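**Student:** Predicted model and sequence follow; I will ask about them next.
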Amino acid sequence: MSLNHKQTVIRKVSKNITAFIFLLTFLSSFSSYNSNLFCQESNSRFYHLSIKDGLPDDGFTCVIQDHMGFIWVGTTNGISKYDGYSFVNYYSKENDSNSLIGRNVRCLMEDSDGDIWIGTYFGISILLRNEDRIISYEHDNTTRWININGLNHIDQIEKLGQHYKLHPLIIEDISSTTQRPKVDEYEKYQFVVLKMLYFDEEQALKIEHISFVLGANY
């Protein structure tokens, strides 16, 4: 598959990124199932690997094995290639076109050329093995809704803020449940804070803090 063909495929499937990520996940799972379908039981030894061993993060999301035997691990902070001895990590870096388009990797797949396709929340990246470089595509006309329930993962909210270049005060207001309702206008987006009233299971009146960031494509 030529590079132009890969880019064409990315543009088409990124219009429905959720469905494509599901497809990658399904194909990866099927590949793993098919390769182990006729495996016989054997004596196996298990080793536990973590950040201390070189992984970029302990939050694993997906794993595949390529045709050369390398293990690829998707995490919430990039991907790793494992050769049985050490890890080579690939990250998402701001203002670096030769890096992953997003940190949080949802699925991995190897194509017929041996290149690795990486599905993230923010788009699709392809690691071109022969050139050791990454191409990515984020569909500009796609409207994304990212819903975060609760404030238990402030670090994830901060990462989203960094990705979309949100003002630090917005992150503070999102994290503060005592913030009053308001609408703030910025150059490239609007920030809205609302209070929602509802009754819980015991019919007690509750107040929920809701924040919206509305941009061109999100």
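**Tutor:** Received it, and whenever you're ready, just let me know what you need. Residues are numbered from 1 along each chain as shown.
**Student:** center of the protein - which residue?
**Tutor:** Centroid check for the chain by Cα atoms, centre = their mean gives residue 104 as the closest residue, at 2.7 Å.
**Student:** so it makes contact with residue 123?
**Tutor:** No. Residue 104 is not in contact with residue 123 according to Cβ atoms under 8 Å; the separation is 11.4 Å. (Each C-beta comes from the backbone N, C-alpha and C, glycine too.)
**Student:** any shared contact partners between these two?
**Tutor:** Shared contacts of residue 104 and residue 123 (Cβ atoms under 8 Å, 6 or more residues apart in numbering): none.
**Student:** residue ranges of the helices in the chain, please?
**Tutor:** Ranges of helices in the chain, per DSSP state H, are 3-13, 17-35, 154-163, 168-175.
**Student:** mean pLDDT for these: which is lowest?
**Tutor:** Here the lowest mean pLDDT among the helices of the chain goes to helix 17-35, at a mean of 46.
**Student:** one step back: who's in contact with the residue nearest to the centre of the chain?
**Tutor:** 61, 76, 77, 120, 121.
**Student:** Reformat those into a markdown table and put neighbour count next to each item.
**Tutor:** Output for these, formatted as a markdown table (neighbours: other Cβ atoms under 10 Å):
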| residue | neighbour count |
| --- | --- |
| 61 | 18 |
| 76 | 17 |
| 77 | 20 |
| 120 | 24 |
| 121 | 17 |
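**Student:** Which of those scores worst on pLDDT?
**Tutor:** Lowest pLDDT within those is found at residue 121 (78).
**Student:** if I read this right, that one contacts residue 106, doesn't it?
**Tutor:** Yes. Using Cβ under 8 Å, residue 121 is in contact with residue 106, at 6.8 Å.
**Student:** Scan the helices and strands of the chain for the one with the lowest mean pLDDT.
**Tutor:** helix 17-35 (a mean of 46; mean pLDDT, DSSP states H and E).
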